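> Show me the folded form of this:
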Amino acid sequence: MKWILDDLRSALAELKRASTWLVVGMIFLFAALAYALFQFAIQTDSVLRNLKYSMAACREMTNGPIIFLFCGMIFFLFSATVTLGEAQRYFHYRERKNKREMAQSMKHGIGWGIFAVSLAAGGLIFFNINCR
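Numbers count the residues shown, from 1 in each chain. Got it, this is the predicted structure:
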């Protein structure tokens, strides 16, 4: 029974670290972007519009934009995952005081994060143009 209290103490100790809240914030940002894209995607679904479940004023999309958005969201998922992994590597090397690897993981993390956010922003802009 003591191990439960030890686990709770270690979890509370992790919540006191700034790095934990930074990663939680990144996860929240990526989840919010994915949720916004999902809401737009539901509005453009032709089956839901024919069944009168979605009453959005969106243009009919052909296969090209649908495939482009689908592949873009797959790359968004992969790049968001890589961003979180690079953040983990950064904090790992910061604890080990390895400046070279720390700088490299920071550079890669920022690059992948910008790529992920730009993919999501591009999808939102595309949906915003086609659904107004």
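
> after the lowest-mean-pLDDT helix or strand in the chain comes which helix or strand?
For the chain, the helix or strand with the lowest mean confidence is helix 46-50, at a mean of 62 (criterion: mean pLDDT, DSSP states H and E). With elements assigned by DSSP states H and E, the helix or strand that comes after helix 46-50 is helix 63-96.

> how close does L69 sit to C131?
Summarising the geometry, the distance separating L69 from C131, computed by C-beta to C-beta, to the nearest Å, is 12 Å. To be clear about C-beta, it is placed using only N, CA and C from the backbone, and glycine gets the same treatment.

> now swap in A34 and tell me
Following C-beta to C-beta, the distance that separates A34 from C131 is 17 Å.

> more neighbours, those two?
A count of neighbours by other C-beta atoms under 10 Å puts A34 above the other of A34 and C131, at 16 against 13.

> how about that one, what does it touch?
In this structure, A34 makes contact with M73, F76, L77, A120, judged by C-beta atoms under 8 Å, 6 or more residues apart in numbering.

> Centroid-nearest residue for this structure?
Computing the C-alpha centroid of the chain and ranking residues by C-alpha atoms, centre = their mean puts F30 first, at 2.5 Å.

> How many residues are close by the closest residue to that one other than its chain neighbours?
Counting by C-beta to C-beta, 6 or more residues apart in numbering, F30 lies nearest to A80, which is 4.4 Å off, once chain neighbours are set aside. Using other C-beta under 10 Å, the number of residues around A80 comes to 24.

> A80 reaches F28, doesn't it?
No. Contact criterion C-beta atoms under 8 Å: A80 and F28 do not qualify, at 11.6 Å.

> Okay then, goodbye and thanks.
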